[in-house]
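1. structure of the sequence below:
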Amino acid sequence: MLQISKLISKGAGLAPVLLKRASTVELDWDVRQKSRFDALDSLGRPLGVFLPRGTLVRGGDVLLAEDGSMVRVIAAPQSVLRITACTAHGSAFDLTRAAYHLGNRHVPIELKPDHLKIEPDHVLADLLRAMHLTVQEAEEAFEPEGGAYNSGGHGHSHADGHAHAPAATPIPAAVPSTAHVHGPDCNHGHGHAPQAIQSVVIQMPARKPHSH
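-> Residues are numbered from 1 along each chain as shown. Sure thing, here's the model as predicted:
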């Protein structure tokens, strides 16, 4: 059995010619959401997959075996419910409402621009039809959204190094207050302190004698 413990997301960085030569393995969602499973590739080789816990395997991913060989993953068609808006009794916004209600029930859901996909569930099918949505059974690959905090090994990084959280606004240092000094050019017409009272000597003219 070939032991596999590494996954290359979507075969990133691999030459197309290498991907064409790689064997394939078809897996439905029930298997691909597990980090440990056994499978057979297109060459009939048994595979023992032991990936880091929480890893989600997607169609197009490449499994790297211990002997250096590669196995390309194909999302196998499976039974799903295909949900579209009813043009006669609703609008495209109904899909948004449906995604909201399904999300509240923690239902694995694949989001597409014009339709949704979930695993078969007759109770949910009746609920969606009551919301004026068209629900049809189909055999298609199923790639539901991963949780916001579970990238399943498909995380991303920003080359430009910017952060998602806004940087804290620096608090300016306290500016020392500068005492206000009144100078000769201040043009203030008021004084802040009473001036000293100076004594004034008043001289009275000599008094002439009064005569009648």
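
2. C-alpha only now, for contacts and for neighbours.
-> Fine.

3. who are the contact partners of Val135?
-> The neighbours of Val135, taking C-alpha atoms under 8 Å, 6 or more residues apart in numbering as the test, are 81-84, 125, 128-129.

4. which element follows the longest helix along the chain toward the C-terminus?
-> For the chain, the longest helix by residue count, based on DSSP state H, is helix 93-104. For helix 93-104, the succeeding helix or strand toward the C-terminus, using DSSP states H and E, is strand 110-111.

5. can you list the strands that the helix or strand following that following strand pairs with?
-> Following strand 110-111 in sequence order, the next helix or strand is strand 116-118 (DSSP H and E). Partner strands and pairing direction for strand 116-118 (DSSP bridges) are strand 78-85 (antiparallel), strand 110-111 (antiparallel).

6. which of those strands is buried the deepest?
-> Ranked by mean neighbour count under mean count of other C-alpha atoms under 10 Å, those are led by strand 78-85, which reaches a mean of 20.

7. where in this structure is pLDDT low?
-> Within the chain, the segments meeting pLDDT under 70 span 147-212.

8. now tabulate the strands paired with strand 116-118 in a markdown table and tack on distance to Phe93.
-> Below are those laid out as a markdown table (distance: least, C-alpha to C-alpha, whole Å):
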| stretch | distance to Phe93 |
| --- | --- |
| strand 78-85 | 8 |
| strand 110-111 | 13 |
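
9. which of those sits closest to Val31?
-> strand 78-85 (11.7 Å; C-alpha to C-alpha).

10. give me the angle between the closest one and helix 93-104.
-> Angle of strand 78-85 versus helix 93-104, following axes from the mean of the first three to the mean of the last three C-alpha atoms, to 10 degrees, is 130 degrees.

11. and the contacts of strand 78-85?
-> Residues from elsewhere that reach strand 78-85 (C-alpha under 8 Å, 6+ apart): 28, 91-95, 114-120, 125, 132-142.

12. and stretch 63-70, by the same measure?
-> 2-8, 19, 22-23, 62, 71-73.

13. now it: buried residues?
-> 63-65, 70 (16 or more other C-alpha atoms under 10 Å).

14. swap in stretch 50-60?
-> Neighbour-count burial for stretch 50-60 flags 50-51, 55-60 (criterion: 16+ other C-alpha under 10 Å).
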